[in-house]
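Q: Sharing a model that was predicted from the sequence below.
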Amino acid sequence: MKPSPVVQTHFPELKLKNRGKVRDIYDLGENLLIVATDRISAFDVIMNDSIPDKGKILTRISLFWYDVMRDIVPNHLVASDVAAYPRSCHPYADMLEGRSMLVKKARPLPIECVVRGYLSGSGWKSYQKGGMVCGIALPAGLRESDRLPEPLFTPSTKEEVGHDINIDFEETARRIGKPLAEKIRDLSIAIYRKGAALALEKGIIIADTKFEFGLIGDDLILIDEVLTPDSSRFWPKDRYEPGRGQDSFDKQYLRDYLLSLDWNQQPPPPPLPEVVIRNTRKKYIEALQLLTGQDDDLD
């Protein structure tokens, strides 16, 4: 049976704090409840069509990485088993199971921590123009999708409206202070290195990704999703070929479809054909299976 997507949650007994592009967040007092829906966005526009089970896939992948990275940095996870949630959540267990997390409240830093290990996307476009990525000079002669000599920390702002804006390390330090900027830079690169190495063993190249951090008092923790197909470029290792764009396990497939249309990347979004929805879901499931082996209940 085709799964029914969860597009938006409605829990009358819980206090809705925010609806993001993908996640609905509820304020439970001491903690937050984050629910990953099946919404999908591209070019900062939420599609009218959704990808069934996408929220469950993102949640499982993030939980996998939280466990892998626990020796590098603490994270905001309190529980992912609905039985351990406050009683007020239990009436909604059927919808929450597998796609939600109970997390600590933290003050999010106003910085997207982007790490690039390969030359792709906007980085490739920037390199073609001036041999630089986000103000960082790179060797001459690199090809599209080439592995970079070292992972690059290329932060951006977190904008409430419109696109995030790339900034350099100096601007990051100006906004949050140099010691904290250095800490999130070093942690971001350490998490990326460990994740990229493990993923490569499983057949996935993580070309680039982004992280978010928050503060509880003076303690820095990892928040939000981690190394998922929504926040990263996942390429199949066995089909990697520098000098061109790569096949992917992420929503680049959706972006490529949208780029083939006469659409100005502004709302309203175009409708997604069933084949695009089905193939996008298949790519997410494949990433989950390769990383964790946890796809027994998804078909």
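A: Thanks, I have the structure now.

Q: tell me, how many neighbours does the closest residue to residue 284 other than its chain neighbours end up with?
A: In this structure, residue 284 finds its nearest non-sequential neighbour in residue 57, 4.7 Å apart by Cβ to Cβ, 6 or more residues apart in numbering. Where you see a C-beta, it was placed from the backbone N, CA and C, and this is true even at glycine. By other Cβ atoms under 10 Å, 29 other residues sit near residue 57.

Q: before we move on, what about residue 70?
A: By the criterion of other Cβ under 10 Å, residue 70 has 12 neighbours.

Q: The one 4 residues further on too?
A: Burial of residue 74, expressed as a neighbour count using other Cβ under 10 Å, amounts to 15.

Q: Show me the shaky parts of the stretch 51-200 of the chain.
A: For the stretch 51-200 of the chain, applying pLDDT under 70 flags the ranges 160-162.

Q: would the residue nearest to residue 284 count as being in a helix?
A: Yes. With DSSP: H, G, I helix; E, B strand; the rest coil as the criterion, residue 57 is located in a helix.

Q: Residue 290 is in contact with that one, correct?
A: No. When contacts are counted by Cβ atoms under 8 Å, residue 57 is not listed as touching residue 290 (12.0 Å).

Q: Which segments of the chain make up each domain?
A: The record's domain parsing of the chain by automatic domain parsing lists 15-105, 108-250.

Q: Endpoint to endpoint, the longest one covers what distance?
A: Chord length of domain 108-250, first to last residue, is 25 Å (Cα to Cα, to the nearest Å).

Q: contacting residues around the longest helix seen in the chain?
A: For the chain, the helix that runs over the most residues, judged by DSSP state H, is helix 178-201. Helix 178-201 is contacted from outside by 65, 68-69, 72-73, 109, 111, 113-115, 117, 151, 153, 155, 169, 172-173, 175-176, 205-206, 209, 211, 213, 220, 222, 226-227, 234, 237, 291, using Cβ atoms under 8 Å, 6 or more residues apart in numbering.

Q: For PyMOL, what selects the buried ones among those residues?
A: Applying 16 or more other Cβ atoms under 10 Å to those, the buried members can be selected in PyMOL as follows:
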select buried, resi 65+68+69+73+109+111+113+114+115+117+151+153+155+169+172+173+176+205+206+209+211+213+220+222+226+227+234+291
